[in-house]
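Trainee: Okay, predicted coordinates and the sequence, questions at the end:
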Amino acid sequence: MRVLFTTRGSSGHIGPLVPFARACVRAGHDVLVSAQRQFEGNVTRSGLPFAPVDEPTRDQWMPLMERFGQLDIASADRAMIGRFFAGLDLRAELPALRALAESWRPDVIVRESWEFGSTLVGELHGIPVARVGLGVAEMEELTLTAAAPEVDKARAEAGLPPDPDGERLTAGPLMTSIPPELEDPAAGAPANASRYRFEVDAEADQLPDWWGGNGDPLVYLTFGSVAAGAHLPYYPALYRSAIEALATLPVRLLVTVGDADRDLSDLGQVPANVHVETWVPHDSVATRADVIVCHGGFGSTLGALAHGTPLVVLPLFSGDQWANGAAVARAGAGIIVADDVEARGVLDLPPAETIDGLRRAVETVLSGASHRREAGRIAKAMRALPPVDESVRLLESAA
């Protein structure tokens with residue numbers, strides 16, 4: 001069987017796909033990952049074969065980003081999904097994706113929720129399409145409503161019948177690593193969802209002893225692989241203010257800034273109990289941390305909970321971060337420290353009072369046992385899900 005995995009290719013988008021692709025490889029199937037050229041490194045680092053598609057040009061996306069920057073977070077999120085992912089991205093990738101379908105002839109396509117060109121290609125070439133979810137059910141629903149109008153325009157241009165409500169976007173199987181315990185009971189769950197265990201590295205390397213034998217609680221501060229990028233306003237100001245808020249606690253504070261090409265010296269002199277790295281293996285930290293402070297990204301959130309590590313979530317720039325933080329708080333596995341998505345500009349830094357809330361939240365998590373207990377409950381539920389290798393049978397049936 002030939003399985004084509006399709007993604008934008010940025011870290012938060014390809015990460016959830018990789019375990020399913022590797023499962024197909026282990027089962028002896030041929031796998032290819034289609035992503036934008038600019039993200040080739042993300043694919044090759046996963047050890048999977050790469051097939052490039054085009055991305056929008058700077059002249060196309062910069063005007064949109066400038067307009068997005070004037071919106072509140074909730075409005076910008078809907079616009080980003082609809083105008084950028086389902087609009088510019090879809091049209092840029094479609095020619096190469098169609099050519100790939102014709103030349104490589106996949107038996108099934110597996111897309112991530114925010115890649116939409118494959119839904120047209122699958123229908124045009126009679127190839128079944130499955131989906132890997134990037135978040136909780138309410139975010140999958142928001143994605144559908146935000147993307148459907150733009151995808152429907154592209155369908156008309158490709159000669160496909162109308163689909164104004166986006167029913168074709170959710171027609172195939174949905175595979176997700178979100179456990180039911182994180183879903184909002186009021187939001188329900190898609191009828192076609194199959195849940196699989198979130199993969200962790202059980203033999204992750206030990207962390208170096210950067211603190212010389214200090215046994216204070218370990219707090220890990222990470223805002224993922226994107227937040228420090230030059231196109232966003234968070235580095236170094238947000239990192240400095242978060243370090244200042246947390247470093248006065250009696251903790252060991254480990255900070256990472258992601259893969260962005262940033263000078264760590266921009267953070268200035270950090271206190272003795274703070275250590276800064278560009279990147280460390282998440283599993284190496286999550287299995288040893290007493291609390292993880294993050295932005296609510298998919299990988300950071302599930303990667304903490306899979307180890308039973310409680311969270312303090314500071315959402316930054318995307319609606320799924322608020323949804324994930326709310327899910328963590330609802331489950332009792334951590335605390336969300338968040339601004340109103342309809343009040344803060346999408347590129348505004350969190351205000352000082354929000355940053356100050358990080359310290360109080362970390363103190364609360366460290367001072368009691370309830371958040372760790374509930375995080376452990378979520379971890380147990382995640383381990384009880386079927387292994388990701390069982391997803392291969394679902395794809396074989398679809399093909």
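Mentor: Everything's here; your move.
Trainee: Which strands and helices lie in contact with the lowest-mean-pLDDT helix or strand in the chain?
Mentor: Averaged element by element with mean pLDDT, DSSP states H and E, the chain has its least confident helix or strand at helix 58-68 (a mean of 85). Other elements packing on helix 58-68 under the criterion 3 or more C-beta pairs under 8 Å, 6 or more residues apart in numbering; DSSP states H and E are helix 73-79. (Each C-beta comes from the backbone N, C-alpha and C, glycine too.)
Trainee: before we move on, the earlier item: what lies in contact with the least confident helix or strand of the chain?
Mentor: Outside helix 58-68, the residues within contact range by C-beta atoms under 8 Å, 6 or more residues apart in numbering are Ala76, Ala79, Met80, Arg83, Phe84, Leu88, Ala92, His231, Val346.
Trainee: May I see the buried residues of the helix ranked longest in the chain?
Mentor: Ranked by residue count, the top helix of the chain under DSSP state H comes out as helix 137-157. Applying a neighbour-count criterion of 16 or more other C-beta atoms under 10 Å, the buried positions in helix 137-157 are 137-140, 142-144, 146-148, 150-152, 154-155.
Trainee: and which of these is nearest to Ile378?
Mentor: Distance ranking of the buried residues of helix 137-157 against Ile378, using C-beta to C-beta, places Ala137 first at 16.2 Å.
Trainee: Apart from its neighbours in sequence, what residue is nearest Val346?
Mentor: Nearest residue to Val346, sequence neighbours excluded (C-beta to C-beta, 6 or more residues apart in numbering): Ala76, at 3.8 Å.
Trainee: just Asn324 next, same as before
Mentor: Spatial nearest neighbour of Asn324, chain neighbours left out: Gly296 (4.1 Å); criterion: C-beta to C-beta, 6+ apart.
Trainee: before we move on, what about Val25?
Mentor: Leaving aside its sequence neighbours, Val25 sits nearest to Val31 (C-beta to C-beta, 6+ apart; 5.3 Å).
Trainee: So the one you found versus Glu199, what's the distance?
Mentor: 16 Å (C-beta to C-beta, to the nearest Å).
Trainee: Likewise for Arg98?
Mentor: Taking C-beta to C-beta as the criterion, Arg98 is separated from Glu199 by 32 Å.
Trainee: Show me which residues of the least confident helix or strand of the chain are buried.
Mentor: The neighbour-count check on helix 58-68 (16+ other C-beta under 10 Å) flags Trp61, Leu64, Phe68 as buried.
Trainee: all helices of the stretch 101-250 of the chain, in order?
Mentor: Shown for the stretch 101-250 of the chain, the helices assigned by DSSP state H, counting those that start in this stretch span residues 117-125, 137-157, 237-247.
Trainee: To Glu40, which of those helices lies closest?
Mentor: Go through the helices of the stretch 101-250 of the chain one by one with C-beta to C-beta and the one that ends up closest to Glu40 is helix 117-125, at 17.6 Å.
Trainee: nearest to Pro310, of the buried residues of helix 58-68?
Mentor: The shortest approach to Pro310 among the buried residues of helix 58-68 belongs to Phe68, at 32.6 Å (C-beta to C-beta).
Trainee: circling back to that earlier point, turn the contacts of helix 58-68 into JSON lines, columns for pLDDT and neighbour count.
Mentor: Output for those, formatted as JSON lines (pLDDT from 0 to 100; neighbours: other C-beta atoms under 10 Å):
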{"residue": "Ala76", "pLDDT": "91", "neighbour count": "23"}
{"residue": "Ala79", "pLDDT": "93", "neighbour count": "17"}
{"residue": "Met80", "pLDDT": "93", "neighbour count": "22"}
{"residue": "Arg83", "pLDDT": "94", "neighbour count": "19"}
{"residue": "Phe84", "pLDDT": "94", "neighbour count": "21"}
{"residue": "Leu88", "pLDDT": "96", "neighbour count": "17"}
{"residue": "Ala92", "pLDDT": "97", "neighbour count": "19"}
{"residue": "His231", "pLDDT": "79", "neighbour count": "9"}
{"residue": "Val346", "pLDDT": "85", "neighbour count": "23"}
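Trainee: nearest to Arg383, of the residues you listed?
Mentor: Using C-beta to C-beta, the shortest approach to Arg383 within the contacts of helix 58-68 belongs to Met80, at 33.7 Å.
Trainee: which one is that closest one nearest to, not counting chain neighbours?
Mentor: Using C-beta to C-beta, 6+ apart, the nearest residue to Met80 is Phe68, at 6.3 Å.
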